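Colleague: Next one to model:
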Amino acid sequence: ICDGTDAAVATEADTFTADETEAPVVDDTDSVAAQTDADDISTNENVSIKNLVIPKSVTYGETIQASGTLVTNVGTGTEVNYGHDWTAAWRVAGESENFWTETVNNSTWSNLIQLPTASDTYKKYAGKTLELHFYADDEYGKFDITVGQVEVKAKDINKGYYFDFALRNNGIYDGKEFTAADLTVNSINKDGDVVLPGTDVTEYFKITAKNAKDAGDEFIIYATAKDKLDDGSANPYSGTISQTFVIKQRPFNVDDFVVKYAENTKYEYTGEVIQPELSKITVTETKSTADNDGKLSGADVTSAIASIRAFTNADANVGKKSIDVFVDPEKLPNFSFEARQLETIDGVKLAKLSLADAYSVVERDLTKCKLTIKDAPVLSTVANLANPASGYVTVTDENGNVLKLQNGDYDLIVTDPTDNYKTVTTLSKVGDFKGYIVAKNGNTNVKGETAAVDFKAVENVIVATTTQNVTTEYTGSEIKPDAKDFGTLKLTVSANTTN
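Modeller: Residues are numbered from 1 along each chain as shown. Now for the predicted structure:
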């Protein structure tokens with residue numbers, strides 16, 4: 001790296017000397033006229049450069065250095081070193097104006113004539129051919145000779161060069177596309193050293209990118225040297241650098257997702273915990289509405305749902321219900337998951353999202369329900385019949401679905417049609433009865449009452465059976481068991497057991 005302070009000595013392959021026959025800087029055969037005795041002044045005709053070393057070309061960033069000896073009395077047979085000061089000057093080949101001058105002599109010019117091409121003063125001459133010439137106009141010399149020309153080549157930036165850069169959100173998935181506008185190039189480096197700081201990068205290079213969005217996508221950065229700089233001057237750099245960055249996964253956070261249930265969904269009370277319906281659930285990423293609000297693209301990720309359920313402590317009662325939604329990490333490739341964020345559901349590790357007050361359970365209207373009361377043993381109590389565990393009372397909704405109403409939801413009212421529909425608490429006789437259920441006072445799960453239905457109090461009702469399984473070895477013939485193979489069949493009749 002050249003900063004304008006260290007001289008880069010030209011290599012042998014890239015220099016020439018005045019003694020070379022292939023491309024000499026000064027053709028000594030043209031400087032044959034002797035210095036006159038009248039004025040003893042050195043002129044173009046009798047001065048020359050002896051042992052000249054000057055590069056034919058340098059790459060931008062290197063320092064041009066020339067050395068040799070200025071001699072006079074060339075062609076007289078008494079050639080001697082020029083013993084006075086003269087002016088060394090650099091100019092663009094083909095132009096007359098000097099952009100650099102220095103007073104030198106044979107003792108100093110090899111050290112003083114150094115041109116750092118990468119300095120801010122001289123970098124504009126990159127891509128041009130520069131010309132060094134010596135001149136004097138005093139009592140000792142009146143000459144102006146060309147020493148040599150040096151081409152300043154653009155520095156090719158390609159292999160081995162790389163970016164130090166920053167990307168929006170550190171290149172972590174955020175739901176938005178990464179473009180060149182999201183990129184800050186801090187420098188172009190090589191071998192750990194800064195070649196160009198960020199402010200110079202954009203002066204000399206056009207920054208472009210292959211856009212990327214999702215985790216795992218390749219975001220490719222390109223820095224291509226401009227054909228011309230903004231002021232129209234030549235670019236001291238050429239070539240293109242490219243560098244690939246893979247978009248990183250975003251750590252999973254429940255706050256990055258929005259779970260919704262179909263709006264205003266209501267379910268009538270059934271007596272059981274009502275589980276959510278998958279078809280009514282959507283899951284999306286958060287949607288950004290302003291720069292830097294931390295939200296994502298709003299992408300629909302409903303397909304990642306693997307399991308749903310009501311809260312584990314949910315009850316069946318009327319009210320708003322919350323749900324758990326489990327998503328499959330394999331279907332959310334833009335996110336990374338920690339082990340602590342996963343639960344095992346049916347043998348699969350899933351991540352949990354939740355939604356409070358997803359839907360409402362509202363009270364059941366008993367007037368729209370159908371009641372069935374099975375015939376019951378005589379002397380049964382109404383309280384026993386009303387108990388859902390007894391199995392005598394069945395309530396269905398208007399679609400025929402059996403409801404699991406709880407004992408605290410309703411009262412069973414039984415009347416005796418033969419006694420002026422008097423309310424009874426016990427089936428005291430064999431015969432017909434009517435019954436209906438009515439919402440229990442103080443409950444919030446049901447309202448109204450069902451229509452009354454007929455049922456009977458009967459004797460010798462089989463309320464349970466106990467059987468014995470029969471097993472026999474395979475014989476190849478038809479097996480025809482008889483009664484003795486079954487042993488004792490136990491029937492529970494009313495409240496008594498008979499064999």
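Colleague: got the residue ranges for the helices in the protein?
Modeller: 109-112, 198-204, 382-386, 483-486 (DSSP state H).
Colleague: other SSEs contacting the first one?
Modeller: Using 3 or more CB pairs under 8 Å, 6 or more residues apart in numbering; DSSP states H and E as the contact criterion, the neighbours of helix 109-112 among helices and strands are strand 67-72, strand 98-104. C-beta here means a position set from N, CA and C on the backbone, and glycine is covered the same way.
Colleague: so how far is P377 from the nearest residue to T69 once chain neighbours are set aside?
Modeller: Among residues not flanking T69 along the chain, K50 sits closest, at 4.6 Å (CB to CB, 6 or more residues apart in numbering). K50 sits 138 Å away from P377, going by CB to CB, to the nearest Å.
Colleague: Tell me which of the two has more neighbours.
Modeller: Under the criterion of other CB atoms under 10 Å, the comparison of K50 against P377 puts P377 first, with 21 against 17.
Colleague: Beta-bridge partners for the more buried one, please?
Modeller: Applying DSSP bridges to P377 gives these bridge partners: V458.
Colleague: Could you double-check that it lies in contact with V458?
Modeller: Yes: judged on CB atoms under 8 Å, P377 makes contact with V458 at a distance of 6.8 Å.
Colleague: Which strand in this structure has the most residues?
Modeller: Longest strand of the chain, by residue count under DSSP state E: strand 348-362.
Colleague: just checking, what packs against that one?
Modeller: Partner elements for strand 348-362 (3+ CB pairs under 8 Å, 6+ apart): strand 257-261, strand 266-268, strand 305-310, strand 319-327, strand 342-345.
Colleague: is it true that G431 touches K456?
Modeller: Yes: under the criterion of CB under 8 Å, G431 makes contact with K456 at 6.8 Å.
Colleague: residue ranges for the strands of the stretch 1-150 of the chain, please.
Modeller: Per DSSP state E, counting those that start in this stretch, the stretch 1-150 of the chain carries strands over the ranges 15-16, 42-43, 47-55, 57-59, 63-65, 67-72, 80-81, 86-92, 98-104, 114-116, 129-137, 141-153.
Colleague: would JSON lines of those with distance to L385 be doable?
Modeller: Listed next are the strands of the stretch 1-150 of the chain as JSON lines, based on distance: least, CB to CB, whole Å:
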{"stretch": "strand 15-16", "distance to L385": "117"}
{"stretch": "strand 42-43", "distance to L385": "138"}
{"stretch": "strand 47-55", "distance to L385": "114"}
{"stretch": "strand 57-59", "distance to L385": "104"}
{"stretch": "strand 63-65", "distance to L385": "110"}
{"stretch": "strand 67-72", "distance to L385": "122"}
{"stretch": "strand 80-81", "distance to L385": "135"}
{"stretch": "strand 86-92", "distance to L385": "115"}
{"stretch": "strand 98-104", "distance to L385": "114"}
{"stretch": "strand 114-116", "distance to L385": "108"}
{"stretch": "strand 129-137", "distance to L385": "114"}
{"stretch": "strand 141-153", "distance to L385": "106"}
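Colleague: Relative to T284, which of the ones you listed is closest?
Modeller: strand 57-59 (55.4 Å; CB to CB).
Colleague: what comes up buried for that closest one?
Modeller: Neighbour-count burial for strand 57-59 flags 58-59 (criterion: 16 or more other CB atoms under 10 Å).
Colleague: Which of the helices and strands packed on strand 348-362 sits closest to A386?
Modeller: Within these, the stretch nearest A386 is strand 266-268; the backing value is 21.0 Å (CB to CB).
Colleague: what packs against the closest one?
Modeller: Where contact means 3+ CB pairs under 8 Å, 6+ apart, strand 266-268 is packed against strand 348-362.
Colleague: pLDDT value on the residue nearest the centre of the chain, please?
Modeller: A centroid search over the chain (CA atoms, centre = their mean) returns Y173, at 1.5 Å, as the residue closest to the centre. For Y173, the pLDDT comes out at 97.
Colleague: same deal with E12?
Modeller: 36.
Colleague: can you check I157 too?
Modeller: I157 is given a pLDDT of 89.
Colleague: same thing with T117?
Modeller: If you check T117, the pLDDT there is 87.
Colleague: Does it touch G61 like I think?
Modeller: Yes: contact criterion CB under 8 Å: T117 and G61 qualify, at 6.4 Å.
Colleague: More neighbours: which of these two?
Modeller: T117 (26 against 20).
Colleague: ok, now which ones touch that one?
Modeller: Going by CB atoms under 8 Å, 6 or more residues apart in numbering, T117 touches 2, 58, 60-64, 123, 125-126, 152, 236.
Colleague: how close does N44 get to F433?
Modeller: In terms of CB to CB, N44 sits 142 Å off from F433.
Colleague: Neighbour count: those two, which is higher?
Modeller: Neighbours around N44 and F433, counted as other CB under 10 Å, are more numerous at F433. The numbers are 24 against 16.
Colleague: What sits closest to the more buried one if chain neighbours are left out?
Modeller: Closest residue to F433 apart from its sequence neighbours, by CB to CB, 6+ apart: V414 at 5.4 Å.
Colleague: got a list of what the one you found touches?
Modeller: The contact partners of V414, by CB under 8 Å, 6+ apart, come to 382, 385, 423-425, 427, 433-435.
Colleague: shaky segments in the protein?
Modeller: Applying pLDDT under 70 to the chain flags the ranges 1-40, 461-499.
Colleague: switch the cut-off to 50
Modeller: Scanning the chain for pLDDT under 50 picks out 1-39, 495-499.
Colleague: so the closest residue to A154 other than its chain neighbours bridges to which residues?
Modeller: Once flanking residues are discounted, A154 sits nearest to S238: 4.1 Å by CB to CB, 6+ apart. In this entry, S238 is beta-bridged to D156, by DSSP bridges.
Colleague: since we're on S238, how many residues are nearby?
Modeller: 20.
Colleague: Quickly note the distance from it to V201.
Modeller: Distance from S238 to V201, by CB to CB: 14 Å.
Colleague: what do you get for Y122?
Modeller: Distance, Y122 to V201, using CB to CB: 20 Å.
Colleague: picking up where we left off before, wait, the residue nearest to the centre of the chain touches N334, no?
Modeller: Yes: with contact defined as CB under 8 Å, Y173 reaches N334; the gap is 4.5 Å.
Colleague: overlap in contacts of these two?
Modeller: Common neighbours of Y173 and N334 (criterion: CB under 8 Å, 6+ apart): 214-215, 249-250.
Colleague: closest to Y161 among those?
Modeller: Using CB to CB, those come closest to Y161 at A215, 27.5 Å.
Colleague: Against A304, how distant is that closest one?
Modeller: On the measure of CB to CB, A215 and A304 end up 14 Å apart.
Colleague: Check G83 too.
Modeller: Distance from G83 to A304, by CB to CB: 90 Å.
Colleague: which of the two has more neighbours?
Modeller: Legend: neighbour count by other CB under 10 Å for G83 and A304, higher for A304 (21 against 11).
Colleague: any idea how far that one is from L278?
Modeller: To L278, A304 is 12 Å away according to CB to CB.
Colleague: Please apply the same query to N158.
Modeller: Applying CB to CB to N158 and L278 gives a distance of 55 Å.
Colleague: PyMOL command for the buried members of the contacts of V414?
Modeller: With 16+ other CB under 10 Å as the burial test, the buried ones among those are selected in PyMOL as follows:
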select buried, resi 382+385+424+427+433+434+435
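Colleague: mind putting the contacts of V414 in CSV, distance to F134 included?
Modeller: As requested, the contacts of V414 are exported to CSV (distance: CB to CB, whole Å):
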residue, distance to F134
V382, 130
L385, 128
T423, 134
V424, 136
T425, 134
L427, 136
F433, 135
K434, 133
G435, 129
